[in-house]
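Visitor: Got a predicted structure plus its sequence, pasted below:
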Amino acid sequence: MTNTLFDGLFADVKPERAFAEIPGEGDVPSRWYTYAHIEQVTARFAATLAARGVKPGDRVAAQIPKSIEALMLYLATVRAGAIFLPLNTAYTAAEVDYFIGDAEPKLFLCDPKSLDGYIGIAEKYRVHLDSFGVWRSPEVSAGTFFDFAETQAGTFDTVPRDPEDLAAILYTSGTTGRSKGAMLSHKNLLSNAETLAREWRFTEDDVLLHALPIYHTHGLFVASNTLMKTGGQMIFMSKFDADAVVKNLPNATSMMGVPTFYTRLLAHYGFTKQVTEHMRLFTSGSAPLLAETHREFEARTGHRILERYGMTETNMNTSNPYDGERRAGTVGFPLPGVALRIVDENAQPVTQGEIGTIEVRGDNVCQGYWQMPEKTKEEMREDGFFITGDLGMEDEDGYVVIVGRGKDLIITGGFNVYPKEIEGVIDDLPGVTESAVIGAPHPDFGEGVVAVVVGEGDEDAILSALADKLAKFKQPKRVFFIDALPRNTMGKVQKNVLRDEHKDLFV
Ligand code: AMP
């Protein structure tokens, strides 16, 4: 009996090999992790989870800053047979309240700084609350999960888990404004890591520069699982910082990024061809990479960024080829094991070159939404295809092109923002009659959130009222007042008209 994901990820790796370098910051020196350290630290963490009463199938929620220990917590949770539930560090207490109430975790780990603010939530839902602690600060770590783990043995009997058992729940924003928890099984995650490792030619000689957040599928699964599956090494950075990335790239062979990483690197004076000479692969995803960025990057470095397409619910679906043409403005071909079709509003396949909704099926697709069987039914067809809600087409050579997003999803800095959620919060403010939230093209973030409000008040009042109600990335960058929202004859707000009016706002 094995633990499908944990044992599967590390089946072929060598314990003595380096796993991660955590570059020093300020007066803190660099640290190194080997694959043997993963084994020991996850054993200590898994034993601590068990001591906290976590049983197989329980959820473990964590809202903690990015650190190598946070990554170990994910692996330890899987190893203990439980289900990992990472939460965006930008979420406010009001947002966290919803996730804890919905997921009903056994244990909720937070940053020591946030502990006091979460005691009420923990009592309300009868969840065990612990601060996670920080490796390098004994005074902050005293009494924390991390501190307790230090006292545990470095061995743990890994809990067996079947391919269909859940390994993680990742919340996505819902079009109705309510977030939905995508239920990801051991098989979903392991199969995608194996596919990506093979397709993108990862080996144990790779050094991946890891600058993505790890509460999202891109940094947690696409980057970390793929690299660990091959026994390679990471340069593990706490966040994306262009100076630090430029400094560390000469020691790396590969980097996975969102489009914003690439526009920021191109704007950095130190980002030269020389800096990337040792690199073999740059990938991009989570939001559309402008063809212009693709071309500018190649002109500067000689590297063609490999763009891929996926989502929280499906892991990765398509990828440009490693060998062969990486076509700018496209997301390539369906990955091996992924069936992809593009259909019209009657669920009939469209012809090549025609735009339709993208649907996918394969081991990569999640089991549905946590405690939302109705939503699962709405988005999962009877033949197993998942309706992504993305609009796309296949070009003359079969490359998939994403032409837009169904509905009015805004992607800012790689994060999804659903207008309806923001509108609901604004509409509840005193003096506001109604509002419409749209995305306006933004040179740095891809899109910037803009609110158009009917009612009394001013921009500053709205912005300050939203400051503690919404995560920073969801807050509007600008607020405009208007007498009435434009509507069509059916009474629907014409967001395209608003988008048109504000298309030059940030550019
Ligand atoms: P998330 O669940 O946060 O990963 O967001 C998934 C959504 O991001 C997809 O449904 C797409 O709308 C969008 N997305 C991901 N990758 C790409 C890409 N390469 N090009 C365009 N949109 C993308």
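Guide: Everything's here; your move.

Visitor: Kindly report the residues of the stretch 51-200 of the chain close to the ligand.
Guide: residue 172 (Cβ under 6 Å from any ligand atom). C-beta: built from backbone N, CA, C; applies to glycine.

Visitor: Which parts of the stretch 51-200 of the chain are helices?
Guide: If DSSP state H, counting those that start in this stretch is used as the criterion, the helices of the stretch 51-200 of the chain fall at 68-79, 93-103, 115-125, 138-141, 145-149, 186-199.

Visitor: now, of these, which is deepest in the fold?
Guide: Using mean count of other Cβ atoms under 10 Å, the stretch among the helices of the stretch 51-200 of the chain with the largest mean neighbour count is helix 68-79, at a mean of 24.

Visitor: between that helix and helix 186-199, how big is the angle?
Guide: Note on geometry: by axes from the mean of the first three to the mean of the last three Cα atoms, to 10 degrees, helix 68-79 and helix 186-199 are set 130 degrees apart in direction.

Visitor: Quick check: which of the helices of the stretch 51-200 of the chain is nearest to residue 52?
Guide: Among the helices of the stretch 51-200 of the chain, helix 145-149 comes nearest to residue 52, with 7.8 Å by Cβ to Cβ.

Visitor: now residue 70: how far from residue 122?
Guide: Residue 70 sits 20 Å away from residue 122, going by Cβ to Cβ, to the nearest Å.

Visitor: Give the next helix or strand downstream of the helix or strand hosting residue 263.
Guide: Assigned by DSSP states H and E, residue 263 belongs to helix 259-266. Once helix 259-266 ends, the next helix or strand along the chain (criterion: DSSP H and E) is strand 281-284.

Visitor: Would you mind pulling up the elements that the helix or strand that that following strand is followed by packs against?
Guide: Later in the chain than strand 281-284, the nearest helix or strand by DSSP H and E is helix 291-301. Applying 3 or more Cβ pairs under 8 Å, 6 or more residues apart in numbering; DSSP states H and E, one finds that helix 291-301 contacts helix 259-266.

Visitor: Distance from the helix it packs on to the middle of the chain?
Guide: Taking Cα atoms, centre = their mean, to the nearest Å, one finds helix 259-266 lying 17 Å from the centre of the chain it belongs to.

Visitor: circling back: can you tell me which of the helices of the stretch 51-200 of the chain has the worst average pLDDT?
Guide: Mean pLDDT values for the helices of the stretch 51-200 of the chain show the minimum at helix 138-141, a mean of 66.

Visitor: if we can go back for a sec, close to the ligand, is the helix holding residue 263?
Guide: No - using Cβ under 6 Å from any ligand atom, helix 259-266 never reaches the ligand; the gap is at least 8.2 Å.

Visitor: CA atoms only: put that helix into CSV for me.
Guide: The C-alpha coordinates for helix 259-266 follow below in CSV (Å, rounded to 0.1, in the frame of the first residue of the first chain):
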residue,chain,number,x,y,z
PRO,A,259,3.3,37.2,-17.9
THR,A,260,3.9,40.0,-15.3
PHE,A,261,7.3,38.3,-14.5
TYR,A,262,8.3,38.7,-18.1
THR,A,263,7.2,42.3,-18.6
ARG,A,264,9.0,43.2,-15.4
LEU,A,265,12.2,41.5,-16.4
LEU,A,266,12.1,43.1,-19.7
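
Visitor: Stretch 25-38: which residues count as buried?
Guide: 33, 34, 35, 37, 38 (16 or more other Cβ atoms under 10 Å).

Visitor: what secondary structure does the last one sit in?
Guide: Here residue 38 takes the helix state, with states given by DSSP: H, G, I helix; E, B strand; the rest coil.

Visitor: can you pull the contacts of it?
Guide: Neighbouring residues of residue 38 by Cβ atoms under 8 Å, 6 or more residues apart in numbering: 10, 19, 72, 75, 228.

Visitor: ok, the residues you listed vs the ligand, which is closest?
Guide: residue 228 (19.9 Å; Cβ to the nearest ligand atom).

Visitor: was I right about that closest one contacting residue 9?
Guide: Yes - contact criterion Cβ atoms under 8 Å: residue 228 and residue 9 qualify, at 5.0 Å.

Visitor: so who does residue 323 touch?
Guide: By Cβ under 8 Å, 6+ apart, residue 323 lies in contact with nothing.

Visitor: And it, which helix or strand is it part of?
Guide: Counting by DSSP H and E, no helix or strand carries residue 323.

Visitor: In terms of pLDDT, where does it sit?
Guide: On pLDDT, residue 323 comes in at 97.

Visitor: What residue in the stretch 51-200 of the chain comes nearest to the ligand?
Guide: For the stretch 51-200 of the chain, Cβ to the nearest ligand atom, closest residue to the ligand: residue 172, 5.1 Å.

Visitor: Count the residues that sit near that residue.
Guide: The number of residues packed near residue 172 is 18, by other Cβ atoms under 10 Å.

Visitor: Got the confidence number for it?
Guide: For residue 172, the predicted pLDDT is 85.

Visitor: Do I have it right that it meets residue 179?
Guide: Yes - with contact defined as Cβ under 8 Å, residue 172 reaches residue 179; the gap is 6.4 Å.

Visitor: related to what we said a few turns ago, buried residues, the helix holding residue 263. List them.
Guide: 259, 260, 261, 262, 263, 264, 265.

Visitor: Output these in CSV, with pLDDT appended to each entry.
Guide: Converted to CSV, the buried residues of helix 259-266 look like this (pLDDT from 0 to 100):
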residue, pLDDT
259, 86
260, 86
261, 92
262, 94
263, 88
264, 91
265, 97
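
Visitor: Pick the one among those residues closest to residue 224.
Guide: Nearest to residue 224 among those, counting by Cβ to Cβ, is residue 261 at 16.5 Å.

Visitor: Around the ligand, which positions in the stretch 351-500 of the chain sit nearby?
Guide: Counting by Cβ under 6 Å from any ligand atom, the stretch 351-500 of the chain comes close to the ligand at 388, 390, 402, 405, 416.
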